[in-house]
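Engineer: Fold the following and give me the result.
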Amino acid sequence: MVVQLGYYTLSVQDLDRAAAFYGALFGWEFRREHKSSLHVTNTAVPMGLTSTGPSSQPNLYYRVDDIDAAVKQVRELGGTTGEVMDSKSGRSCACVDDQGTELSLWEPAPGFD
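Structural biologist: From the prediction side, this is the model:
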């Protein structure tokens with residue numbers, strides 16, 4: 001299976017301010033996932049905003065069919081992983097490859113394909 005980008009987030013300081021900014025700039029519409037994230041509902045590539053503080057780069061989530069198997073493989077290949085997190089949009093895990101590059105894995109929940 002070839003893995004591709006499945007989801008990405010922009011990290012912002014203030015969700016409501018960011019929603020107002022990006023909504024006006026790009027026409028994005030939002031649905032609140034929980035207090036620290038908004039899902040953009042009208043883009044071709046699934047994405048959202050998270051209130052983890054400003055970042056110069058988006059957080060890319062690579063879509064996988066089985067996150068538990070993918071996490072295991074990251075570890076077997078010499079990388080490290082955080083804990084698998086559950087959310088309305090699916091299961092995700094922050095990882096670091098064997099050279100120190102950060103990436104995230106995402107197994108979408110039904111309806112978030």
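Engineer: wouldn't residue 95 be in contact with residue 78 here?
Structural biologist: No: using Cβ atoms under 8 Å as the test, residue 95 is too far from residue 78 to be in contact (11.3 Å). No exception for glycine: its C-beta is placed from N, CA and C like everyone else's.
Engineer: Give me the common contacts of those two.
Structural biologist: Common neighbours of residue 95 and residue 78 are not found (criterion: Cβ atoms under 8 Å, 6 or more residues apart in numbering).
Engineer: Tell me which of those two has more neighbours.
Structural biologist: A count of neighbours by other Cβ atoms under 10 Å puts residue 95 above the other of residue 95 and residue 78, at 19 against 10.
Engineer: can I assume that one sits in a strand?
Structural biologist: Yes: using DSSP: H, G, I helix; E, B strand; the rest coil, the assignment for residue 95 is a strand.
Engineer: What confidence value was assigned to the closest residue to residue 18 other than its chain neighbours?
Structural biologist: In space, residue 18 comes closest to residue 12 once its chain neighbours are excluded; the distance is 3.9 Å by Cβ to Cβ, 6 or more residues apart in numbering. Here the pLDDT value assigned to residue 12 is 92.
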